[in-house]
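> everything below, folded, please.
(chains A, B, C and D)
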Number of protein chains: 2
Amino acid sequence: MVQLDKQQSTEEKILMAARQIFIDRGMDGARMQDIADAAGINKAMLHYYFRSKEKLYGTIVQHIMSNALPAMFDLLESDLKLKDKLKQFIINYLALIRANPFLPLFILNEMNRHPDKFVKWLPIKNLKVSRFSDQVNEAVSLKLIRPIEPKVLIMNMASMIVFPFIARPMMCVVLKMDKKYFDQLLSQREDHIIDFVISAIYYKN
Amino acid sequence: MVQLDKQQSTEEKILMAARQIFIDRGMDGARMQDIADAAGINKAMLHYYFRSKEKLYGTIVQHIMSNALPAMFDLLESDLKLKDKLKQFIINYLALIRANPFLPLFILNEMNRHPDKFVKWLPIKNLKVSRFSDQVNEAVSLKLIRPIEPKVLIMNMASMIVFPFIARPMMCVVLKMDKKYFDQLLSQREDHIIDFVISAIYYKN
DNA sequence: GTCTATATTGTGATAGAC
DNA sequence: GTCTATCACAATATAGAC
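Numbering: from 1, shown residues only, chains lettered A, B, ... in the order given. Predicted structure coming up:
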């Protein structure tokens, strides 16, 4: 059940409820009845405000993606020194995931399953990593860090940041950890990843 | 459409088709009609061989998981030296993913969405990492490698191995890589991850 | 704008002939 | 074992009163 506020408009209540249900169950698994229940209204109202399930879905996706992506890329293009930038990237990205732990799996899923319905909502124009790439390449040529392609570095960091959250149930079972212990590991994730990445690429640290 | 062979029994044709459809669309998105079409039969036959969609789903899951998991864990409990074991783990795991690139997302999805229907098929008994843990802890105490928890190391490696494959469409768009370039990066993944991990944990290498 | 009731379609499952 | 035809129900969507 979503946090409901009497001051919210019906439309806002629907959007909050729909966001939750879609993220939890995906486009295919989500039921309009469940969204209506979570919003505290009936099915007919959903269709009154949003003509169809697909339109509602599109609205949610647009809202999510316009917020989630740009925040990370602004940091990569900032003036921070490389090592500080890497640390801050890890910290900020983890904070984003922690605030929306079920978002990544939803995005990856829908991206693979309904790519056409999804890509058009991405704010692609603002996404650049040229400044970051220059920084990494320069550090490599100065022999400050080991040779690595900037995009591979981003890929490695993003993997270690996001994956444990989406693979949480799997890892708990497979590595035989109870949820409490696993959450404790996740809470230390900043330090673990920062140490790992810094050790991996810097000759001295 | 799945590769069909006249020598296959109807049951085998169903299983191959169902595996493909379930992996592509998940339990919720999969339609019995589509499975029947892909198998070249009609819906009634599905229910003749497997009483219900859920039973068919369970059969597929069981088959997939009984093959995918144990292979990795046998290696971790083998007698290989630590560094060789890490390299081989990365190589084998990547080979597994490459052979079934859409499997991980399916597993993560269903694990989150239908945990009860999923976990009971996991061969949990054979999954142990005590030998590997001892090896890592020993290397740490001998100051061969930097301090790290064994399960964090597995988590980091698994993340870097699996995530780029499931985030492929996302990364292509967000990092502005065409598929050809991204596939080239993926083909070098063994070396990239091995270098990264070895550099991250070994004091000298 | 909000509701109840209903239409319409999709989907899992079954009956029964062959 | 395989098929066609059909059921039963669930889910999206709409009609119409208030």
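> quick one: residue A:50 and residue A:44 touch, right?
No - counting by C-beta atoms under 8 Å, residue A:50 sits too far from residue A:44 to count as a contact (11.8 Å). From N, CA and C alone the C-beta is placed, and that goes for glycine too.
> which one of the two is surrounded by more residues?
The residue with more neighbours, out of residue A:50 and residue A:44, is residue A:50; 21 against 9, by other C-beta atoms under 10 Å in any protein chain shown.
> which residues touch residue A:89?
Contact analysis of residue A:89 by C-beta atoms under 8 Å, 6 or more residues apart in numbering or on different chains lists A:72, A:75, A:76, A:157.
> in the helix or strand hosting it, which residues are buried?
Assigned by DSSP states H and E, residue A:89 belongs to helix A:82-99. Residues of helix A:82-99 classed as buried by neighbour count (16 or more other C-beta atoms under 10 Å in any protein chain shown): A:82, A:83, A:85, A:86, A:87, A:89, A:90, A:91, A:93, A:94, A:96, A:97.
> let me see the domain layout of chain A.
Using automatic domain parsing, the domain parsing of chain A gives A:1-51, A:61-201.
> DNA strand D versus residue A:148, what's the distance?
Distance, residue A:148 to DNA strand D, by C-beta to the nearest atom of the strand, to the nearest Å: 46 Å.
> quick one, what contacts that residue?
A:136, A:140, A:201, B:192, B:196.
> burial count for the fourth one?
Burial of residue B:192, expressed as a neighbour count using other C-beta under 10 Å, amounts to 20.
> likewise the first one?
If you count neighbours by other C-beta under 10 Å, residue A:136 ends up with 25.
> that one contacts residue A:152, correct?
No - contact between residue A:136 and residue A:152 fails when scored by C-beta under 8 Å: they sit 9.6 Å apart.
> up against DNA strand C, what does chain A have?
Chain A comes close to DNA strand C at residues A:10, A:41, A:42, A:43, A:44, A:45, A:48, as judged by C-beta under 7 Å from any atom of the strand.
> how does it look with 10 Å?
Residues of chain A that fall close to DNA strand C, judged by C-beta under 10 Å from any atom of the strand: A:9-11, A:13-14, A:28, A:36, A:39-49.
> which among the residues you listed end up buried?
Buried among those (16+ other C-beta under 10 Å): A:13, A:14, A:28, A:36, A:39, A:41, A:45, A:46, A:49.
> please identify which helix or strand holds the third one.
Secondary structure here is read from DSSP H and E; on that basis residue A:28 sits in helix A:10-29.
> touching chain B at all, the very next helix or strand once past that helix?
Using DSSP H and E, the helix or strand that follows helix A:10-29 in sequence is helix A:32-39. No - Helix A:32-39 stays out of contact with chain B when judged by C-beta under 8 Å from any C-beta of the partner chain, the minimum separation being 12.8 Å.
> is the helix or strand following the helix holding residue A:89 positioned near DNA strand D?
Once helix A:82-99 ends, the next helix or strand along the chain (criterion: DSSP H and E) is helix A:103-113. No - if you take C-beta under 10 Å from any atom of the strand as the test, helix A:103-113 misses DNA strand D, and the best it gets is 15.4 Å.
> packing partners for helix A:103-113?
Under the contact criterion of 3 or more C-beta pairs under 8 Å, 6 or more residues apart in numbering or on different chains; DSSP states H and E, helix A:103-113 touches helix A:10-29, helix A:53-76, helix A:115-119, helix A:150-166, helix B:10-29, helix B:103-113, helix B:168-174.
> the second one to helix A:103-113, inter-axis angle?
This points to helix A:53-76. Put simply, helix A:53-76 runs at 120 degrees to helix A:103-113, going by axes from the mean of the first three to the mean of the last three C-alpha atoms, to 10 degrees.
> pLDDT of helix A:53-76, averaged?
Mean per-residue pLDDT for helix A:53-76: 88.
> cool, stretch A:196-205 as well?
Mean predicted confidence for stretch A:196-205 is 93.
> which residues touch it?
A:83, A:86-87, A:90, A:143-146, A:148, A:153, A:156-157, A:160, B:146, B:148, B:156, B:196-197, B:199-201.
> go again with 7 Å.
By C-beta atoms under 7 Å, 6 or more residues apart in numbering or on different chains, the surrounding residues in contact with stretch A:196-205 are A:83, A:86, A:143-146, A:148, A:153, A:157, B:146, B:156, B:196, B:199-200.
> which of the residues you listed count as buried?
Among the contacts of stretch A:196-205, the ones that count as buried by 16+ other C-beta under 10 Å are A:83, A:86, A:145, A:148, A:153, A:157, B:156, B:196, B:199, B:200.
> for the last one, which non-adjacent residue is closest in space?
To tie it back to what came earlier, the one meant is residue B:200. Leaving aside its chain neighbours, residue B:200 sits nearest to residue A:200 (3.8 Å; criterion: C-beta to C-beta, 6 or more residues apart in numbering or on different chains).
> again with residue A:185
residue B:152 is the one closest to residue A:185 (C-beta to C-beta, 6+ apart), at 6.5 Å.
> returning to that earlier point: any chance of the helices and strands packed on helix A:103-113 in CSV, plus distance to residue B:63?
Compiled in CSV, those are given as follows (distance: least, C-beta to C-beta, whole Å):
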stretch, distance to residue B:63
helix A:10-29, 23
helix A:53-76, 32
helix A:115-119, 28
helix A:150-166, 23
helix B:10-29, 7
helix B:103-113, 12
helix B:168-174, 25
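> state the number of residues packed around residue A:130.
Counted with other C-beta under 10 Å, the neighbours of residue A:130 add up to 11.
> ok, now the one 3 residues further on?
Look at residue A:133: counted by other C-beta under 10 Å, it has 16 neighbours.
> check the gap between residue A:139 and DNA strand C for me.
From residue A:139 over to DNA strand C the distance is 52 Å, taken as C-beta to the nearest atom of the strand.
> ok, the least confident helix or strand in chain A by mean pLDDT near DNA strand D or not?
When each helix and strand of chain A is scored by mean pLDDT, DSSP states H and E, helix A:115-119 comes last, with a mean of 77. No - residues of helix A:115-119 contacting DNA strand D under C-beta under 10 Å from any atom of the strand: none, with a closest distance of 13.4 Å.
> kindly export that helix (C-alpha atoms) in CSV.
What follows is helix A:115-119, C-alpha atoms only, in CSV (Å, rounded to 0.1, in the frame of the first residue of the first chain):
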residue,chain,number,x,y,z
PRO,A,115,12.6,-1.6,-25.9
ASP,A,116,10.6,0.5,-28.3
LYS,A,117,8.2,1.6,-25.7
PHE,A,118,11.0,2.5,-23.4
VAL,A,119,13.9,4.1,-25.2
